[in-house]
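> Got a sequence here, can you model it:
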Amino acid sequence: MPTHFHAIVWIDHSQAKVFHIGLSGQDEIDLHPHLATRHIHHKANSIRSGHAKEFFAQVMNAVSDAGEILIIGPAGAKTELAKYLREQHPKIGERIVAVEAVDHPSDREIVAYARKHFKIETLLRQA
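Presented below is the predicted three-dimensional model:
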């Protein structure tokens, strides 16, 4: 498991990219729902079922040791993941610091976004 304090999750209906970022570098995990050809949309006001819950559980496992979690993405999956974590895994859900709309950045742009959000460069200068 990663030992970095900060995690950023970029998620849409077909994949999640999880980056653990700290003073000593970063780790990346790519996750995909088991039924990647199907969308994971759901009815309003209901937690996703089936493969979507499994997908969110995979993401939850990937960020379970993070002290702060930033969730970004282009559509509703980011808010649904945040809702899932807050309702189903409140100890992890309380570590979500923000949920923000971000289109389809490259991996490098995701890491730069996280470094800026978590002020990693400032921490490096203080270390």
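
> in the chain, which spans are strands?
6-11, 16-22, 25-31, 68-73, 96-101 (DSSP state E).

> ranges for the helices of the chain?
51-63, 77-88, 90-93, 107-117, 120-126 (DSSP state H).

> could you dump the ones you listed to TSV with mean pLDDT?
Shown next, in TSV, are the helices of the chain (pLDDT from 0 to 100):
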stretch	mean pLDDT
helix 51-63	90
helix 77-88	96
helix 90-93	97
helix 107-117	91
helix 120-126	57
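
> In TSV: those, plus mean neighbour count and distance to residue 30.
Where C-beta positions appear, they are placed from N, C-alpha and C, glycine not excepted. Supplementary listing: the helices of the chain in TSV, determined by neighbours: other CB atoms under 10 Å; distance: least, CB to CB, whole Å:
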stretch	mean neighbour count	distance to residue 30
helix 51-63	20	10
helix 77-88	19	15
helix 90-93	14	20
helix 107-117	16	9
helix 120-126	12	21
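
> was I right about residue 97 contacting residue 68?
Yes: with contacts counted by CB atoms under 8 Å, residue 97 reaches residue 68, the gap being 4.9 Å.

> Neighbour count for these two, which is higher?
Using other CB atoms under 10 Å as the criterion, residue 97 and residue 68 rank with residue 68 on top: 17 against 13.

> what's residue 118 in contact with, if anything?
Going by CB atoms under 8 Å, 6 or more residues apart in numbering, residue 118 touches 6, 21, 68, 70.

> 10 Å instead, please
Contact partners of residue 118, counting by CB atoms under 10 Å, 6 or more residues apart in numbering, are 5-8, 21-22, 68, 70, 97.

> JSON lines for the helices of the chain, including distance to residue 12?
Formatted as JSON lines, the helices of the chain follow (distance: least, CB to CB, whole Å):
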{"stretch": "helix 51-63", "distance to residue 12": "11"}
{"stretch": "helix 77-88", "distance to residue 12": "5"}
{"stretch": "helix 90-93", "distance to residue 12": "20"}
{"stretch": "helix 107-117", "distance to residue 12": "12"}
{"stretch": "helix 120-126", "distance to residue 12": "24"}
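
> for those helices, which one sits closest to residue 29?
Among these, helix 51-63 comes nearest to residue 29, with 4.9 Å by CB to CB.
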